[in-house]
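**Student:** all I have is the shape, not the residue letters:
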């Protein structure tokens, strides 16, 4: 007789807890047990302590240095502001010194005048190197009473040239030192009258007989009712066989630094 068996019904297993779902629970329990043991805590502390120390040192470094960095930025900004303030003060002081000197120069110029002569103060607009060689352009002209031939002075008492061209509000000045220009002069304390020739850039030469007693450092003036200085003898050249000597002298005015000149008006109307 053949026996038959019914297959086992496993449906009841599904009704109980799933083995796979219990694994995480056991894992968490195991970790809790391990961490609760003192030897485990010691190991973790030993391995983690260096890391925490490094972390704290890094935080300390950045927190301190960030403060220093901010402090340096503040100092740099303050330093920059102070530098700007110093520059501004230097500029104001330079302007003050310039105005003070300008005021003193003008006072000196105006206080040297002879009441019988009429002088017209003017500003130099163009100097040599920008104008033609040994010429000036000034800001007064026919409308101010300037005429061709009027003499021009600098520094109150030094003749430097004459008016060669006149326009409505400006004039052209030819310097006596312009090459080839001739000008009458008085040499030394004896006022020996001669004619000097311009050599350019404030330099002159004049020839005199050897017997005339002159020496380096003697003054040269121009014929005028007021005291003036036209130049100073710098060198005397001659040969033993010559009966004449060449006197070289220079005008004391630095034309490149001129700001004002004065025109001695011949027409005083």
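**Tutor:** Cool, the structure landed. As the structure is a computational prediction, the values presented were derived from the model and not from experiment. Numbers count the residues shown, from 1 in each chain.

**Student:** in the stretch 101-250 of the chain, which spans are strands?
**Tutor:** Counting by DSSP state E, counting those that start in this stretch, the stretch 101-250 of the chain has strands at residues 119-126, 135-138, 151-154, 158-166, 171-175, 182-187, 192-200, 203-209, 219-221, 231-237, 244-250.

**Student:** redo those strands as JSON lines? Include distance to residue 260.
**Tutor:** Glycine gets a C-beta too; all of them are placed from N, C-alpha and C. Formatted as JSON lines, the strands of the stretch 101-250 of the chain follow (distance: least, CB to CB, whole Å):
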{"stretch": "strand 119-126", "distance to residue 260": "6"}
{"stretch": "strand 135-138", "distance to residue 260": "9"}
{"stretch": "strand 151-154", "distance to residue 260": "8"}
{"stretch": "strand 158-166", "distance to residue 260": "12"}
{"stretch": "strand 171-175", "distance to residue 260": "12"}
{"stretch": "strand 182-187", "distance to residue 260": "22"}
{"stretch": "strand 192-200", "distance to residue 260": "22"}
{"stretch": "strand 203-209", "distance to residue 260": "23"}
{"stretch": "strand 219-221", "distance to residue 260": "22"}
{"stretch": "strand 231-237", "distance to residue 260": "20"}
{"stretch": "strand 244-250", "distance to residue 260": "21"}
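
**Student:** looking at those, which is nearest to residue 144?
**Tutor:** strand 119-126 (6.0 Å; CB to CB).

**Student:** what strands line up against the closest one, and which way round?
**Tutor:** strand 135-138 (antiparallel), strand 260-264 (antiparallel) (DSSP bridges).

**Student:** between these, which one is closest to residue 162.
**Tutor:** Across the strands paired with strand 119-126, residue 162 has its closest neighbour in strand 260-264 (9.3 Å, CB to CB).

**Student:** pLDDT value on the closest residue to residue 182 other than its chain neighbours, please?
**Tutor:** Excluding the flanking residues, the one nearest residue 182 by CB to CB, 6 or more residues apart in numbering is residue 195, at 5.5 Å. Here the pLDDT value assigned to residue 195 is 95.

**Student:** what are the ranges of the helices in this structure?
**Tutor:** Assigned by DSSP state H, the helices in the chain fall at 11-15, 19-36, 38-110.

**Student:** average model confidence for the first one?
**Tutor:** For helix 11-15, the per-residue pLDDT values average out at 45.

**Student:** what's the answer for the longest one, then?
**Tutor:** Taken as a whole, helix 38-110 carries a mean pLDDT of 62.

**Student:** give me the contacts around stretch 117-137.
**Tutor:** Stretch 117-137 is contacted from outside by 106, 109-110, 113, 138-140, 144-146, 152-153, 161, 164, 170-175, 177-179, 198, 200-201, 225-226, 255-256, 258-265, 268, using CB atoms under 8 Å, 6 or more residues apart in numbering.

**Student:** can you list the buried residues in that stretch?
**Tutor:** Within stretch 117-137, the residues that count as buried by 16 or more other CB atoms under 10 Å are 119, 120, 122, 124, 126, 128, 134, 135, 136, 137.

**Student:** which strand residues bridge the fifth one?
**Tutor:** Note on residue 126: beta-bridge partners by DSSP bridges are residue 137.

**Student:** how close does it sit to residue 138?
**Tutor:** Between residue 126 and residue 138 the computed distance is 9 Å (CB to CB, to the nearest Å).

**Student:** residues near the residue nearest to residue 182, how many?
**Tutor:** 10 (other CB atoms under 10 Å).

**Student:** cool, and residue 264?
**Tutor:** By the criterion of other CB under 10 Å, residue 264 has 20 neighbours.
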